[in-house]
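Student: got a predicted structure plus its sequence, pasted below:
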Amino acid sequence: MLKQLFASTCCALSLSAMALELNTANEAELDSVRGLGPSSTARILNARDQKLFKDWADFMQRVKGVKAATAAKLSANGLTVNQLPFTASEVGAKAP
């Protein structure tokens, strides 16, 4: 029993450490990202319904309230855009 519990915990931890792709994540997956809540998730999904995000700069431009500092935090919490983490050089701003 203890081995099964340990194995499930390790599996859950490794899944949470995996990256979550912004262009394919559903509402529940986005809500699970630390730093995103229902209102920000709704803004993301509405913008994504128009067209997929090209990169982090596109995401930041189209979703109200997402600046370089927020993008860096979301990326650190596992969010990717087109499988890429946020880099400050991509948007010409400094990440925290």
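Tutor: Structure received. Numbering: from 1, shown residues only.
Student: every contact and neighbour count from this point should use C-alpha atoms.
Tutor: Will do.
Student: which residue comes closest to the residue most central in space within the chain once chain neighbours are left out?
Tutor: Computing the C-alpha centroid of the chain and ranking residues by C-alpha atoms, centre = their mean puts L79 first, at 2.4 Å. Distances taken as C-alpha to C-alpha, 6 or more residues apart in numbering place L20 nearest to L79, at 4.8 Å, with adjacent residues excluded.
Student: so that neighbour sits against N82, correct?
Tutor: No - at 9.9 Å, L20 does not count as touching N82 under the criterion of C-alpha atoms under 8 Å.
Student: more neighbours: these two, which one.
Tutor: Between L20 and N82, counted using other C-alpha atoms under 10 Å, L20 has the larger neighbour count: 24 against 16.
Student: any weak-confidence spans in this protein?
Tutor: Along the chain, segments meeting pLDDT under 70 span 1-17, 91-96.
Student: tell me where it has helices.
Tutor: With DSSP state H applied, the chain shows helices at 2-16, 27-31, 38-50, 56-62, 68-76, 88-91, listed in chain order.
Student: hmm, back to that, and the residue nearest to the centre of the chain, how close does it get to M60?
Tutor: From L79 across to M60, the span is 13 Å (C-alpha to C-alpha, to the nearest Å).
Student: again with L30
Tutor: Counting by C-alpha to C-alpha - L30 and M60 are separated by 16 Å.
Student: for the two, indicate the residue with more neighbours.
Tutor: Higher neighbour count among L30 and M60: L30, with 23 against 18, using other C-alpha under 10 Å.
Student: how close does the residue nearest to the centre of the chain sit to D49?
Tutor: Using C-alpha to C-alpha, one obtains 18 Å as the distance from L79 to D49.
Student: mind listing what K64 touches?
Tutor: R43 (C-alpha atoms under 8 Å, 6 or more residues apart in numbering).
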